[in-house]
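1. this is a predicted model, with the sequence first.
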Amino acid sequence: MVNQAFARKYFPRQNPLNQRLQSGDRKENFEIVGVVEDFRPMGAEYGVRAEIFRPSTEFTDATLVVRSRGEPQLIAKSLLEVARSITPDLPDNKVKTLEEDAEQWTAQRKFNTVLLWIFAGLALVLALMGIYGVLSNLVASRTRKIGIRMTVGATPRAIGGLVVSQTLVPVVVGLMIGLLASVTLSRVMESLLFQVQARDPLTLTLAIATILVTSIAALWLPLRRATAVDCAVALRDE
């Protein structure tokens, strides 16, 4: 038996049934008698690969998979009774539904995903706090310069436009560098994702928008206070 990936790879324009395969040591020949659907034996996040299935009696254990339309627990109880008639010391936890098996298989992956969410959230919060602190302190340190400009006739709107245009330049440059690094390193993240694009446009757009909104807020609040201060008070400020 071969899977669909094997048939697509080695017999793209042929019927794989009744085709002959030879072992690596050329001592055995096999005939393809069926094609099974693809599945991911190494985990949902790994890709499908070409596989061959051959019968063998040389095994120490085996897994019996049963498909039914009835209540799984009742069928599992009947199967357990039949299995114990052959192997009396078979424990109860050897019988489980496909949902339970999938839950156990993905438990570690779900835990890793939660950890990624936590660390990503902390990184975003720290980045926003740093941006807000640096930009607000930068505007506050220009209170005296703002007072001088207002004394000579500059309007709050003109001062705000000047400060924003000068201060947001490093933010935009940092966003461009971060976006480039994110796109470059997205290949590393793809191994942790399943049916999710590492270069997700929506996620990148939301992250950029959040940083830009925080940067504008960090500028607007101290800038509003600075332009509301009396010019004489601003000029005396050290």
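-> The structure has been received and is ready for your questions.
2. tell me the SS of residue 128?
-> What DSSP: H, G, I helix; E, B strand; the rest coil gives for residue 128 is helix.
3. not counting residues beside it along the chain, what's closest to it?
-> Computed as CB to CB, 6 or more residues apart in numbering, the closest residue to residue 128 that is not its neighbour in sequence is residue 214, at 4.7 Å. The C-beta positions use only the backbone N, C-alpha and C, and glycine is treated the same way.
4. chain center to the host helix or strand of the one you found, what's the gap?
-> Under the criterion of DSSP states H and E, residue 214 resides in helix 201-228. Centre-to-centre, helix 201-228 and its host chain are 26 Å apart (CA atoms, centre = their mean, to the nearest Å).
5. what do you get for stretch 3-23?
-> The answer for stretch 3-23 is 35 Å, by CA atoms, centre = their mean.
6. swap in stretch 121-129?
-> Distance of stretch 121-129 from its chain centroid, counting by CA atoms, centre = their mean, is 18 Å.
7. restricting to C-alpha, output it in CSV.
-> Extracted in CSV, the C-alpha atoms of stretch 121-129 (Å, rounded to 0.1, in the frame of the first residue of the first chain):
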residue,chain,number,x,y,z
GLY,A,121,2.1,39.8,24.8
LEU,A,122,4.9,40.7,27.3
ALA,A,123,7.2,41.7,24.4
LEU,A,124,4.5,43.9,22.9
VAL,A,125,3.7,45.6,26.3
LEU,A,126,7.4,46.2,27.0
ALA,A,127,7.9,47.7,23.5
LEU,A,128,4.8,50.0,23.9
MET,A,129,6.0,51.1,27.4
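8. related to what we said a few turns ago, for the helix holding residue 214, what does the pLDDT average out to?
-> For helix 201-228, the mean per-residue pLDDT is 78.
9. packing partners for that helix?
-> Contacts defined by 3 or more CB pairs under 8 Å, 6 or more residues apart in numbering; DSSP states H and E place helix 201-228 against helix 98-140, helix 143-151, helix 156-190.
10. list the buried residues in it.
-> Along helix 201-228, these residues count as buried under the neighbour rule (16 or more other CB atoms under 10 Å): 204, 207, 211, 214-216, 218-220, 222-223, 226-227.
11. tell me where this protein is predicted with low confidence.
-> 43-45, 57-60, 90-94, 143, 150, 187-198, 225-238 (pLDDT under 70).
12. per-domain residue ranges of this protein.
-> Annotated domains of the chain cover 1-58, 106-236 [automatic domain parsing].
13. deepest in the core, which of these is it.
-> Compared across these, domain 106-236 shows the largest average neighbour count, a mean of 14 (mean count of other CB atoms under 10 Å).
14. about what we covered before: run the angle between the helix holding residue 214 and helix 143-151 for me.
-> 70 degrees (axes from the mean of the first three to the mean of the last three CA atoms, to 10 degrees).
15. next, the angle from helix 201-228 to helix 156-190.
-> Using the same axes, to 10 degrees: helix 201-228 against helix 156-190 is 150 degrees.
16. ok so, going back, would you mind measuring from the residue nearest to residue 128 to residue 100?
-> 44 Å (CB to CB, to the nearest Å).
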